[in-house]
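Participant: Provided below for reference: sequence and predicted model.
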Amino acid sequence: MSNNTTIKEEYKSYTLGLALFDAVPVIVFLLSGIVIYTMFRSQVFLIGVLSAFAGGLSKVIWKLIIVTRKKDVTWLTKAFWILMSGGFGIMLLSVIIAAIADPAGGTLAGLWHGLTMHPAWIFFLTGFAGMCLMGYLGAHMDASARSNWIEEAVNTLAQTAVLIGVIIVYFGTYYHADAAAYSALKSTDAVQVTAGEQSEEVQTEEVQDEDFYFFDGEGTENILIFYPGAKVEAIAYAPLMKKLAESGTDCILCKMPLNFALAGKDMAADLRSKIESGSILPEGADTYQKWFLAGHSLGGVAASMLAEETEAEQSDSTGGLWNGIIFLASYPTGELSTPALSVYGDSDGVLNMEKYDEAGSEGRWPDDFTEIVLAGGNHAQFGSYGQQEGDGTAAISKEQQTEQTAAAIQTFVDEH
């Protein structure tokens, strides 16, 4: 390995700003790779991403040494080419391995779906064009600081476009409600189901555009506002909401922005304010005496964050202390005083039990806390959206888990 004590004349114009700016597209690339890994779940792919990132980082370090030490450490530029090309090769290999392991073609079909998803494909195409332009500039421009600024500006724009495309695919890929969930949106003699602030009865396939769904049963005192799990279509929880409404607790099922409850954490407080002012829900809707928050998985986390914020606002008519909060395969992130019910299945393969146990050891659960473990229940069957990746196999049916969960919630509501 060589470590030159002199540098080329072109390198003398390099600045610290240029060296640091060179790190921007490298970091953006790493973020894209991590987001893709959360969807792809291939260790081989992650190795490729980290290898390519290390290559880009070596180029950044090389420029920093040029600027600060006035030395050309040439082995760093060699490492850049080896690690970068090797990293992309490993990422391609991971796709080939996944495709071979999935003879039905699901991997390639999923990849194509992501690349062509609208409007993600526009950003992917922009990123690809930017990378092609990078290659052209690298072959036709000199190594001056001016050329480097142009190349890195193009690289940053290309990598940012790819990251935006990847984020669109991440949030655009979610678990869809099944036919049973959509069936539960139909009104019956016992439960009237309406959608949106206009409170129109659900009759068309356009219900996905509504912000919430109201399940109005014969109960007149209790209402529960529910937050869905991350990347799960809200309608998937319609069977549970309907069962609760039949039991005496009216329910509002929230549709979250990007199917991500943290993005709509305050929705329950906003809905409560509108309900109490009489601006939404069907004409003649009841004035509720007890209000409950509930959520599945990340939805429970988001609900707990709202509960924490409103615990000190008991005199505020638009907020106030909730009568209780229900966690389905979830846990609070901060200390709660609001009465809480936790329900999870003993076959749950998604719930992070280490973090769940930490909530107990760190005293986050309130004094009034009830825990129910459903024998044979898993993570996904709190909703109606099929099997969830990484989940355990349930030993009870989806209908049984729904009934047991609704019964546990109704008992908790009646007692509070």
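Facilitator: In hand now; what should we look at?
Participant: For stretch 112-121, what does the pLDDT average out to?
Facilitator: For stretch 112-121, the mean pLDDT works out to 92.
Participant: Stretch 378-385 too?
Facilitator: Per-residue scores along stretch 378-385 average to 98.
Participant: need the helix or strand of this structure with the lowest average pLDDT.
Facilitator: strand 200-201 (a mean of 60; mean pLDDT, DSSP states H and E).
Participant: mind checking how far the nearest residue to T393 once chain neighbours are set aside is from A406?
Facilitator: Spatially, and ignoring its direct neighbours in sequence, T393 is nearest to S347 (6.3 Å; Cβ to Cβ, 6 or more residues apart in numbering). Bear in mind the C-beta positions are built from the backbone N, C-alpha and C, glycine included. Distance, S347 to A406, by Cβ to Cβ, to the nearest Å: 19 Å.
Participant: Next: L18.
Facilitator: 62 Å.
Participant: Domain map for the chain?
Facilitator: 9-172, 179-415 (automatic domain parsing).
Participant: Lowest average pLDDT across the ones you listed?
Facilitator: If you rank the domains of the chain by mean pLDDT, domain 179-415 sits at the bottom with a mean of 90.
Participant: Pull up the distance across it, start to finish.
Facilitator: 34 Å (Cα to Cα, to the nearest Å).
Participant: for that domain, the distance to its chain's centre please.
Facilitator: With Cα atoms, centre = their mean, to the nearest Å as the basis, domain 179-415 stands 18 Å off its chain's centre.
Participant: Doesn't Y288 belong to a strand?
Facilitator: No: applying DSSP: H, G, I helix; E, B strand; the rest coil, one finds Y288 to be coil, outside a strand.
Participant: Contact partners for it?
Facilitator: Y288 makes contacts with E221, N222, I223, D250, I275, as judged by Cβ atoms under 8 Å, 6 or more residues apart in numbering.
Participant: Quick check: phi and psi at it.
Facilitator: Dihedral pair for Y288: phi -80, psi 140, per degrees, to the nearest 10.
Participant: All the strands of the stretch 201-350 of the chain, in order from the start?
Facilitator: For the stretch 201-350 of the chain, applying DSSP state E, counting those that start in this stretch gives strands covering 212-216, 222-227, 249-254, 290-296, 324-328, 340-345.
Participant: In JSON lines, list those strands along with distance to M39.
Facilitator: Compiled in JSON lines, the strands of the stretch 201-350 of the chain are given as follows (distance: least, Cβ to Cβ, whole Å):
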{"stretch": "strand 212-216", "distance to M39": "28"}
{"stretch": "strand 222-227", "distance to M39": "22"}
{"stretch": "strand 249-254", "distance to M39": "24"}
{"stretch": "strand 290-296", "distance to M39": "20"}
{"stretch": "strand 324-328", "distance to M39": "24"}
{"stretch": "strand 340-345", "distance to M39": "25"}
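Participant: circling back: quick check: which of the domains of the chain is buried the most?
Facilitator: Highest mean neighbour count among those (mean count of other Cβ atoms under 10 Å): domain 179-415, with a mean of 19.
Participant: give me the beta-bridge partners of the nearest residue to I325 once chain neighbours are set aside?
Facilitator: Nearest residue to I325, sequence neighbours excluded (Cβ to Cβ, 6+ apart): L293, at 4.5 Å. Under the criterion DSSP bridges, L293 forms beta bridges with I225, I325.
Participant: And L293, how close does it get to S330?
Facilitator: Using Cβ to Cβ, L293 is found at 11 Å from S330.
Participant: anything in contact with each of the two?
Facilitator: S304.
Participant: how far is stretch 83-94 from where the chain is centred?
Facilitator: Put simply, stretch 83-94 sits 27 Å off its chain's centre (Cα atoms, centre = their mean).
Participant: what does it contact?
Facilitator: By Cβ under 8 Å, 6+ apart, stretch 83-94 touches 40, 42, 44-45, 47-56, 58.
Participant: The residue nearest to I325 against N323, yeah?
Facilitator: No: assessed by Cβ atoms under 8 Å, L293 is found out of contact with N323, at 9.1 Å.
Participant: What residue, apart from its backbone neighbours, is nearest I150 spatially?
Facilitator: Nearest to I150 is L137, by Cβ to Cβ, 6+ apart, at 6.6 Å.
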